[in-house]
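1. My questions are about this predicted structure, shown below with the sequence.
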Amino acid sequence: MNDYRILVVDDEEDLCEILKFNLEMEGYTVDTANSAEEALKLDLTSYNLLLLDVMMGEISGFKMASMLKKNKDTAGIPIIFITAKDTENDTVTGFNLGADDYISKPFSLREVIVRVKAVLRRTSTVQKEPEQLQYKGLVIDIPKKKVTIDDTEVPLTKKEFEILLLLLQNQGRVFSREDILTKVWHDEVYVLDRTIDVNITRLRKKIGNYGKYIVTRLGYGYCFECE
């Protein structure tokens with residue numbers, strides 16, 4: 001057995017069952033849906049791969065894929081299109097929508113399994129960056145560039161935010177002043193070591209009780225040290 005979950009979406013019930021049976025024989029957990037409408041009612045974020053038929057009812061496979069790619073929660077789910085439409089334009093459309101592979105009917109089950117394994121192997125090596133970092137009640141919302149403590153926003157400057165993010169992303173790792181200058185101030189000139197100390201001091205005050213977790217290692221630098 002493995003931990004991969006696959007959803008097969010096709011309006012041919014017999015084909016869904018055949019694919020489900022054979023993929024389960026390979027150790028995958030497989031669900032099926034006979035329309036895009038049915039599939040969209042499921043928690044799609046729980047799947048590692050979608051096998052998606054192009055020619056379905058009101059919502060085609062292409063349309064469903066486009067909907068998924070526009071939603072940040074589902075945009076990263078790999079998709080293999082399975083279809084009888086094998087013209088060059090259809091193939092190009094599929095890949096332009098972000099498809100990871102495209103299988104034309106009729107196909108062999110062996111081909112499907114090989115392609116499924118290849119896509120899962122390729123996509124599982126890409127680690128999705130978390131959108132939030134959290135330590136107890138301290139939460140960093142990375143896309144929104146916002147820090148909250150117990151659901152109350154903490155107003156930080158850009159540099160304070162980036163220092164906190166750097167330290168929290170690398171809990172326990174000590175960063176020297178030079179490290180922080182390089183990663184936060186980049187190529188800005190005339191930045192003194194003392195500037196780091198001032199920003200750290202302000203940051204500690206702003207995050208209240210969590211300030212104690214930003215620890216000074218004398219002679220080395222700073223780190224975020226959890227209890």
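-> Now that the structure is in, tell me what you want to look at. Residues are numbered from 1 along each chain as shown.

2. What are the buried residues along stretch 115-122?
-> In terms of neighbour count (16 or more other C-beta atoms under 10 Å), stretch 115-122 has its buried residues at Arg115, Val116, Val119, Leu120. Bear in mind the C-beta positions are built from the backbone N, C-alpha and C, glycine included.

3. again with stretch 29-40
-> Across stretch 29-40, burial judged by 16+ other C-beta under 10 Å covers Thr29, Val30, Thr32, Ala33, Asn34, Ser35, Ala36, Ala39.

4. Please apply the same query to stretch 58-74.
-> Ile59, Ser60, Gly61, Phe62, Met64, Ala65, Leu68, Lys69, Thr74.

5. Can you tell me what sits against that stretch?
-> The contact list for stretch 58-74 (C-beta atoms under 8 Å, 6 or more residues apart in numbering) reads 9, 35-37, 39-40, 44-45, 50, 52-56, 75, 77, 79, 81, 83, 93-94, 97-99.

6. how far does that stretch sit from the chain's center?
-> 17 Å (C-alpha atoms, centre = their mean, to the nearest Å).

7. What would it look like as CSV? C-alpha coordinates only.
-> Taking C-alpha atoms only, stretch 58-74 is exported to CSV below (Å, rounded to 0.1, in the frame of the first residue of the first chain):
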residue,chain,number,x,y,z
GLU,A,58,-22.2,20.7,-18.8
ILE,A,59,-18.8,21.1,-17.1
SER,A,60,-16.2,19.6,-19.4
GLY,A,61,-12.9,18.3,-18.2
PHE,A,62,-11.2,21.3,-19.6
LYS,A,63,-13.6,23.6,-17.8
MET,A,64,-13.2,21.8,-14.5
ALA,A,65,-9.4,21.9,-14.8
SER,A,66,-9.6,25.7,-15.4
MET,A,67,-11.8,26.1,-12.3
LEU,A,68,-9.3,24.1,-10.2
LYS,A,69,-6.3,26.1,-11.4
LYS,A,70,-7.9,29.4,-10.5
ASN,A,71,-8.4,28.2,-6.9
LYS,A,72,-5.2,28.5,-4.8
ASP,A,73,-6.3,25.5,-2.7
THR,A,74,-6.6,23.1,-5.7
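
8. model confidence over that stretch, on average?
-> Across stretch 58-74, pLDDT averages out at 88.

9. can you check stretch 124-135 too?
-> 71.

10. Endpoints of that stretch, how far apart?
-> Stretch 124-135 has an end-to-end distance of 26 Å (C-alpha to C-alpha, to the nearest Å).
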